[in-house]
Every structure is written in structure tokens, then in C-alpha cells.
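> Below are the sequence and a predicted model; questions follow.
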Amino acid sequence: MSVTMPDMIANRKVIVCAGSGGVGKTTTATAVALAAARQGRRVLALTVDPSKRLAQTLGVSRNLRTPTSIPEERLREAGIEPPATLDAWMLDPGIVADDFVRKIADTPVEAERLTNNRIYRQITRMIAGMQEYMAMEALAGFMREGRYDLIVLDTPPSRNALDFLYGPSRLASFLDGRIFQLFLPGEQRSFLRRAASRLVNGVNTAVFGADNYAELQDFFSSFGDVFQAMKRNAQEGLDNLRDPDEVAFLLVTSPAATAMADAYFFRRKTNELRLPFRGYVLNRSQARADCVHPTLEMFGSNPSAVQRSALEKLEGLAKLEEAAVERDRSLLNQLADSAGIHASAVALPNLPGGADDLHELLYLSDVLAGAA
């Protein structure tokens, strides 16, 4: 049985909006969150990097340590009333990483020492998959707290829709890699490995300098337990996202050929990873448009020469619009076929001025909830 968009908005606990960059993923995630909150649910919109106008519309600031409630005047304007809530948090991987370290550390003093480590501050920005891992870590934390009926995750922007899914495994590969192991202390190793370790230490000292290499060793020794916990949580987080009763993956795409290609590739990979894919959102489309073809009758029984000339130009534009509508309706049908029996496909209109204004977001939320 197909799971419709209104079903997901009303009943799921986690909705993950994924997709390649530039398809309106953040806007779609925000509209989903608004739709659920307007139905009386306690909702968290967990986003990564909304546009400046969208952030202003939501009243969200950067570098906050915890989610913040949307201002009351905006909630009233959106028709969101208690006990429903709508919180938003702009995900900062550095803040999530620091909070994670504080939970793992034995004491507040140890936590402060670790989070102030110079190499830690740099390496958390360099490791492939760290941003994606921290998005999953934050999501898992909010799921454990149980404060929200629904969490809508707008995945990190990327050229490839799969970066969010493979980020944690890349992090795990780094933690298991030989380069990482070379910097770990060697006291517990065999004689042969200790001898090899001394050789490696000599080379690394020459390359990095004694002080820098000592600092690197201290970092990897201190953070060994932290990284291993991150590795365990990465797998646990992926397992949590496989719950078909609580989680729904939505793929946001657009009519652009490259975005559609990413959509089909993502669809195949969700099957391989056993993730509960539940639908496509064809954003910025004209599949819902109703075309009115211009005719001379629009100008009455005796149109002027100017009106006839205008009509000829309008007819050309109308044919282009009709072709776009037919193209997008065909794409929507293709997505519906690709979705399979347990998922669906819905189209969102192309709004010429963008969708950062609250009224436009509310319209999109009505479309998604089946109210428009």
C-alpha cells in the first residue's frame, strides 16, 4: 500500500529530505515541518544552511547551541497553536561535535581540555563525512530525547544525494585506517609492531617536528575513545534510520536532467541500504499548472491589429508553457512509477519569486498536506 505525503506528515517521527544541491531541499523540508505543526504536532526542523531570507523568515540564527522556537507572531500567522510547536535549529557540526565530546569525557575539566585541542578543532573540519556524521548524531540525540513528535532533517548540501548516507561510513573508514593507527601509542603492541612503531615515530618526528608530532600523538591518544564511540554511533544511527514505521526518506528533485538522474540513482541506493524510501518531491515544476491557451475571443468580436499581433506573441509563449507542463507531468508519472507500491510522488509548483516568504511556504505546506 502506498504511503502518501499526508500520511507521512501526520504519522512519521522522522522525515529525511535528501537530494542533490540546488533543488529546493531546505524549502521543501521547511514546508513539511510547517504542515505537520499546523496539524498540531510538536516539530523540529533540523537544517544545515538555509538561505538568508529563509532564515529570517523562520527567525533562526547561526551558532545556537540548542533549537529555538519560531517567534510567536510567525506561529500565529501560520495557524500553529498549542500544544503544537515548531522549533528550528541550524545544524553546526562543530557544536554537535563539542557536545558529543562533553558526553564522552570523564569530567568537565577533561571535556574542556579535549574541545580546546588545536588539532581537534582543525581535524573535525577536514575528515570526509564529518558534517554528514554530525547531522546523523544530532538527529539520533533528538530521537532519544523524545521532545518532538516529528523531526524533519534537511540533509547537508552536496553534489551527490548519497553523501549524507555514506558520510558515517567514510568516517568509520578513517577511524579504522592505517594512517589513524600510526599515531596511536604503541605500548600494547607486539615486539615486532613496537619496532615498526619506533621507525614510524622517527620518520614522523622528522616530517612534523618533535613538538608537532608529540601534539599529534597526544590528540590521537586522547580522542581514541571518542572516535570509537563515534564509529559505533554511526552504525547505530544508520540502523535507526531503517525503521519503516517511524522513518520516511523523501527525495527532492527538480525537472533538470542532472537532478532527475541523481533521483533515480538515489532510489536504487536506498534499496541497497534498506532505507524506508517513501516518496519523491518534484520541486519547481509546472505539473500542477492549468494552462489557458489565448484565442481571439479574448479580445471580443472585433480585435484590433495590435491585439492580433499581441495574440501571436502570446501563442508562442503559451506553446512553450504547455510543453513545459506536459514535460513535468510526464516526469511526475515517471517518478511515481519509480517510487513503487510503498511510496508516492508529489509536485510542488515553480514560484517565480522563490519560496522564502512565509505565505509562499504555507502554500507549499498545503500542497504537501493535500489541502491545496
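Looks like it came in fine.

> okay, CA-based contacts and neighbour counts for the rest of this
Noted.

> Whichever helix or strand F266 is part of - contacts with which helices or strands?
Mapping F266 onto the secondary structure by DSSP states H and E places it in helix 257-272. Secondary-structure packing of helix 257-272 (3 or more Cα pairs under 8 Å, 6 or more residues apart in numbering; DSSP states H and E): strand 247-253, strand 277-285, helix 305-339.

> Check which residues of that helix are buried.
For helix 257-272, burial by neighbour count (16 or more other Cα atoms under 10 Å) applies to 259-260, 262-263, 266-267, 270.

> Format the residues you listed as JSON lines; extra columns: distance to T85 and pLDDT.
Putting the buried residues of helix 257-272 into JSON lines (distance: Cα to Cα, whole Å; pLDDT from 0 to 100) gives the following:
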{"residue": "A259", "distance to T85": "33", "pLDDT": "92"}
{"residue": "M260", "distance to T85": "34", "pLDDT": "94"}
{"residue": "D262", "distance to T85": "34", "pLDDT": "89"}
{"residue": "A263", "distance to T85": "32", "pLDDT": "89"}
{"residue": "F266", "distance to T85": "32", "pLDDT": "86"}
{"residue": "R267", "distance to T85": "32", "pLDDT": "89"}
{"residue": "T270", "distance to T85": "31", "pLDDT": "88"}
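
> Throw those residues into a markdown table and include distance to F227, thanks.
Output for the buried residues of helix 257-272, formatted as a markdown table (distance: Cα to Cα, whole Å):
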| residue | distance to F227 |
| --- | --- |
| A259 | 35 |
| M260 | 36 |
| D262 | 32 |
| A263 | 33 |
| F266 | 28 |
| R267 | 31 |
| T270 | 27 |
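
> between these, which is nearest N350?
Here the nearest of the buried residues of helix 257-272 to N350, counting by Cα to Cα, is A259; it sits at 15.2 Å.

> ok, the closest one - contacts?
Applying Cα atoms under 8 Å, 6 or more residues apart in numbering, we find A259 in contact with 20, 23, 253.

> same thing with E326?
For E326, the contact set (Cα under 8 Å, 6+ apart) comprises A287.

> any idea how far it is from E315?
Using Cα to Cα, to the nearest Å, E326 is found at 16 Å from E315.

> likewise A259?
Taking Cα to Cα as the measure, A259 falls 30 Å from E315.

> ok but A355 is inside a helix, no?
No - counting by DSSP: H, G, I helix; E, B strand; the rest coil, A355 is not found in a helix; it is coil.

> Just confirm V3 is within a helix.
No - if the criterion is three-state DSSP, then V3 is coil and not within a helix.

> thinking again about what came up before, between the buried residues of helix 257-272, which is nearest G237?
Nearest to G237 among the buried residues of helix 257-272: T270, at 15.2 Å, using Cα to Cα.

> hang on, the closest one packs against P276?
Yes - if you go by Cα atoms under 8 Å, T270 and P276 touch, sitting 7.4 Å apart.

> where does A324 land on pLDDT?
As predicted, A324 sits at a pLDDT of 91.

> Next: G209.
What the model reports for G209 is a pLDDT of 56.

> okay, which residue is most central for the protein?
Residue closest to the average C-alpha location in the chain (Cα atoms, centre = their mean): T155, at 1.2 Å.

> what's the nearest residue to that one if we skip its chain neighbours?
Excluding the flanking residues, the one nearest T155 by Cα to Cα, 6 or more residues apart in numbering is A18, at 5.6 Å.
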